[in-house]
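> I would like the atomic coordinates for the input below:
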Amino acid sequence: MRIAILGGGNIGTALAVLLSEHGAEVRIASSKPSEFAPDPVMLDHERNITHRGKNVRAFSALQEALEGAGLIFFTWPAFLAEEKKERLAAAVPEGSTLCFVPGNGGMEQVYKGLFRKKVTLCALERVPAIARIENYGKSVACGNLREELHVAALPYQETDRCCRLIEGALGIPARRVEGYLNLTLTPSNPILHTSRLRTIFRDYHEGMTYETLPLFYEDWDIDSAELLIKMDAEVQEMVKALPELSLNGVRSLKLHYESDTAEEMRKKLSSIPAFQGIKTPAKEIKEGFVPDFSSRYFVSDFPYGLKLLLDTAKIAGVETPWMKETYEWYQRMVPAGKEFSFSAYGICDKNDLVSFYGNDAALH
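Here you go, the predicted structure:
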């Protein structure tokens, strides 16, 4: 099978290794195609090679990368979705499957026009592994691969086929999720990253610098854990307020990380091997460090991840003061810019939400 990957970053490179090792013909859309090796490798935390790709080809032209692809993995950050929409719509093969990795950020709304080309939209609940590029286009360090992937699709009738397709391509068991909105609302990075950033930089103002900054996960503190749990509880209240939709897959992070209290959450997040060594997104200047507002942690996880949750809560009629305060903190830090809005895509009330995401919805 010919498989295309949109984006040559952390996840795109990891997928290129796994898919090509498993026998797929992989084409990757990259801004730096000349730096991609045909045999990129995946490394463990001790820098041992665990997987080796083969015959990977990289292209700068989207049309070349997508030519003849039956399955396309979308790994670009959410804030690029609108920017890429027209070119992707023109290049994507009719009848192909476009898989968002991961499924939050509302990209199914941006690309729902592809239903006219009989394109199936699907997504993974979470990335297959935590990945960090070691040498662009050549090596990527990864934690343990997930033992199971959770997949949903639009139209929902295509979910089983997408599970088989992805499982066959990656060699990792893929389980169906009943209802795509489960993946859209998965409270992973949209509250994990945002709660931590708000806590680390809570006193920041223009002109302020930091001599040192904590590691993002290894130095996770109790304040970050408490805020995360409060926002996680708000997501669960939102889910309860939408009984018309099957949202049992929107699992609390307390369950995901097996941590009932803030102290347990702090210990858990600071000790996960795959999270070790990850730095707080910051820029070093002459006077010290300042927040890196161009980081994906800021430009995707606040205006697309967290904002989408707030939009959903508003539709559901649920008050979410902790998420709201966290988003307002972000807006004070960063000049006004693009952000996700359900209403921009015609989702204005609960009926619209059910009409689009409900399992009995039409083929859009």
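> Residue nearest the middle of this structure, spatially speaking?
Central residue of the chain (CA atoms, centre = their mean): residue 102, 3.6 Å from the mean position.
> which SS class is that residue?
coil (DSSP: H, G, I helix; E, B strand; the rest coil).
> my read: it touches residue 123, true?
Yes - look at residue 102 against residue 123 with CB atoms under 8 Å: they come within range, at 6.7 Å. (Each C-beta comes from the backbone N, C-alpha and C, glycine too.)
> intersection of neighbour lists for the two?
residue 183 (CB atoms under 8 Å, 6 or more residues apart in numbering).
> Output the contacting helices and strands for the lengthiest helix in the chain.
Ordering each helix of the chain by length in residues (DSSP state H) puts helix 222-240 first. When contacts are defined as 3 or more CB pairs under 8 Å, 6 or more residues apart in numbering; DSSP states H and E, helix 222-240 packs onto helix 189-200, helix 253-256, helix 262-271, helix 307-316, helix 321-333.
> is it possible to export those to CSV including mean pLDDT?
CSV is the format used below for the helices and strands packed on helix 222-240 (pLDDT from 0 to 100):
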stretch, mean pLDDT
helix 189-200, 98
helix 253-256, 96
helix 262-271, 98
helix 307-316, 98
helix 321-333, 97
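> and of the ones you listed, who's closest to residue 81?
helix 307-316 (11.9 Å; CB to CB).
> How far off centre is that closest one?
In terms of CA atoms, centre = their mean, to the nearest Å, the centre of helix 307-316 is found 18 Å from the chain centre.
> quick one, strands of the stretch 101-250 of the chain?
Taking DSSP state E, counting those that start in this stretch as the test, the strands found in the stretch 101-250 of the chain are 120-124, 131-135, 139-142, 149-154, 174-176.
> Redo those strands as JSON lines? Include mean neighbour count.
Converted to JSON lines, these look like this (neighbours: other CB atoms under 10 Å):
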{"stretch": "strand 120-124", "mean neighbour count": "26"}
{"stretch": "strand 131-135", "mean neighbour count": "17"}
{"stretch": "strand 139-142", "mean neighbour count": "23"}
{"stretch": "strand 149-154", "mean neighbour count": "24"}
{"stretch": "strand 174-176", "mean neighbour count": "17"}
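> on that earlier part again, can you tell me what sits against the longest helix of the chain?
So helix 222-240 is contacted by 185, 187, 191-192, 194-196, 198-200, 247, 250, 252-254, 262-263, 265-266, 269, 309, 312-313, 316, 318, 320-323, 326 (CB under 8 Å, 6+ apart).
> List buried residues within those residues.
185, 187, 191-192, 194-196, 198-200, 247, 250, 252-254, 262, 265-266, 269, 309, 312-313, 316, 318, 320, 322-323, 326 (16 or more other CB atoms under 10 Å).
> Just confirm residue 101 contacts residue 122, I think it does.
No - with contact defined as CB under 8 Å, residue 101 does not reach residue 122; the gap is 9.9 Å.
> quick one: contacts for the residue nearest to the centre of the chain?
So residue 102 contacts 123, 124, 125, 126, 127, 183, 186, 188, 189 (CB under 8 Å, 6+ apart).
> Next, format those residues as JSON lines and append distance to residue 345.
As requested, the contacts of residue 102 are exported to JSON lines (distance: CB to CB, whole Å):
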{"residue": "123", "distance to residue 345": "16"}
{"residue": "124", "distance to residue 345": "22"}
{"residue": "125", "distance to residue 345": "21"}
{"residue": "126", "distance to residue 345": "24"}
{"residue": "127", "distance to residue 345": "25"}
{"residue": "183", "distance to residue 345": "17"}
{"residue": "186", "distance to residue 345": "19"}
{"residue": "188", "distance to residue 345": "22"}
{"residue": "189", "distance to residue 345": "21"}
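> which one of those is nearest residue 357?
The shortest gap between residue 357 and any of the contacts of residue 102 belongs to residue 183, at 10.3 Å (CB to CB).
> Can you add distance to residue 298 and mean pLDDT and give the strands of the stretch 101-250 of the chain back as CSV?
Output for the strands of the stretch 101-250 of the chain, formatted as CSV (distance: least, CB to CB, whole Å; pLDDT from 0 to 100):
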stretch, distance to residue 298, mean pLDDT
strand 120-124, 22, 97
strand 131-135, 18, 94
strand 139-142, 23, 94
strand 149-154, 27, 97
strand 174-176, 31, 96
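> And those strands: which comes nearest residue 290?
strand 131-135 (22.3 Å).
> From the chain's centroid, how far away is the closest one?
Distance of strand 131-135 from the chain centroid (CA atoms, centre = their mean) equals 17 Å.
> Kindly report the same for stretch 185-193.
With CA atoms, centre = their mean as the basis, stretch 185-193 stands 9 Å off its chain's centre.
> Can you give me the first-to-last residue distance of that stretch?
15 Å (CA to CA, to the nearest Å).
> who touches that stretch?
102-104, 125-126, 228, 231-232, 235, 238-239, 247, 249-253, 297, 300-301, 304-306, 308-309, 312, 323.
> secondary structure class for residue 354?
Once three-state DSSP is applied, residue 354 turns out helix.
> separation between it and residue 303?
From residue 354 over to residue 303 the distance is 25 Å, taken as CB to CB, to the nearest Å.
> which of the two has more neighbours?
Taking neighbours as other CB atoms under 10 Å, residue 354 and residue 303 compare with residue 303 leading, 23 against 18.
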